[in-house]
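**Q** following is a predicted model, sequence given first.
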Amino acid sequence: MKSFLIFIIFSGFGLTSKAQDTITLLTGHIIPCKVYQENDNVISCEYLKKGREERLILDSYRIFSIKFGNGQEKVYYKQDSTKGNWFTVEDMRYFIYGEQDAMKGYKSPMTNVLGVIAGAGAGFFAMESLILFGAPLVYTTGNILPYIIIDRKTVRDEKLLEQETYVQGYERVARSKKIQNALKSSTAGLAIGIGAYFLVKEFDK
């Protein structure tokens, strides 16, 4: 629920330039805000939502760093294998750069096209089969493993491609987007195929 809230805040509320600080999450999302309280466990901040100030409390373990309005940065992330934090601070920063570039620029148009085709084919030709509604799941599963091709145009600096953790961060987000696109497109295709099936059946009467 917290992750969903953070995503909505980041993507939909249109935070204005009045926010003085920025919080960078380990997911790569950036939250413009004004930090008014912080400790080792939680960060409290205010952000602008439709012109009104709202408060948000974030667990510190979700945060990579806070960049304050004066230009200073405070890094919260610490390398700690007992907590699953395997990367050094520098490597984690590269990882986040990769996440951010993939969020901003990665697209998988062929995944969408093939998803619609696969879903529509299943909806039309397998209408009376038990595999009908499993088609989107099968197609989506098939998109989990294939190698992610990084579009160099979406990379802020090609030298980052030499950093393994940058590539890992990019691939994590890109794969997630690809899987979501596969599920959405194949489900849409399935609906189209089913509709076409009943339309043809109606004309054949």
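**A** Yep, it's here. Residues are numbered from 1 along each chain as shown.

**Q** at which residues are the helices of the protein located?
**A** Listed in chain order, the helices of the chain (DSSP state H) span 2-12, 89-105, 109-125, 135-141, 164-203.

**Q** among the ones you listed, which comes closest to residue 59?
**A** helix 2-12 (7.6 Å; CB to CB). In short, each C-beta sits where N, CA and C put it, glycine included.

**Q** picking up where we left off before, let's have the helices of the chain in CSV, adding distance to residue 28.
**A** Converted to CSV, these look like this (distance: least, CB to CB, whole Å):
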stretch, distance to residue 28
helix 2-12, 10
helix 89-105, 3
helix 109-125, 21
helix 135-141, 23
helix 164-203, 7
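
**Q** OK, contacts around the residue most central in space within the chain?
**A** Closest residue to the average C-alpha location of the chain: residue 173 at 5.2 Å, with CA atoms, centre = their mean. Contact analysis of residue 173 by CB atoms under 8 Å, 6 or more residues apart in numbering lists 28, 98-99, 102-103, 106.

**Q** of those, which is the most crowded?
**A** For the contacts of residue 173, the largest number of neighbours (other CB atoms under 10 Å) sits with residue 98, at 28 neighbours.

**Q** against residue 166, how distant is that one?
**A** Residue 98 sits 4 Å away from residue 166, going by CB to CB, to the nearest Å.

**Q** name the residues contacting each of the two.
**A** residue 160.

**Q** domains for the protein, by residue range?
**A** 2-77, 98-203 (automatic domain parsing).

**Q** most tightly surrounded among these?
**A** Highest mean neighbour count of the domains of the chain: domain 98-203, a mean of 17 (counted as mean count of other CB atoms under 10 Å).

**Q** now it: average pLDDT?
**A** Averaging pLDDT along domain 98-203 gives 91.

**Q** what about the spatially closest residue to residue 88 that is not a sequence neighbour, neighbour count?
**A** Spatial nearest neighbour of residue 88, excluding adjacent residues (CB to CB, 6 or more residues apart in numbering): residue 79 at 5.3 Å. Close neighbours of residue 79, defined as other CB under 10 Å, add up to 13.

**Q** verify the contact between residue 79 and residue 86 for me.
**A** Yes: with contacts counted by CB atoms under 8 Å, residue 79 reaches residue 86, the gap being 7.3 Å.
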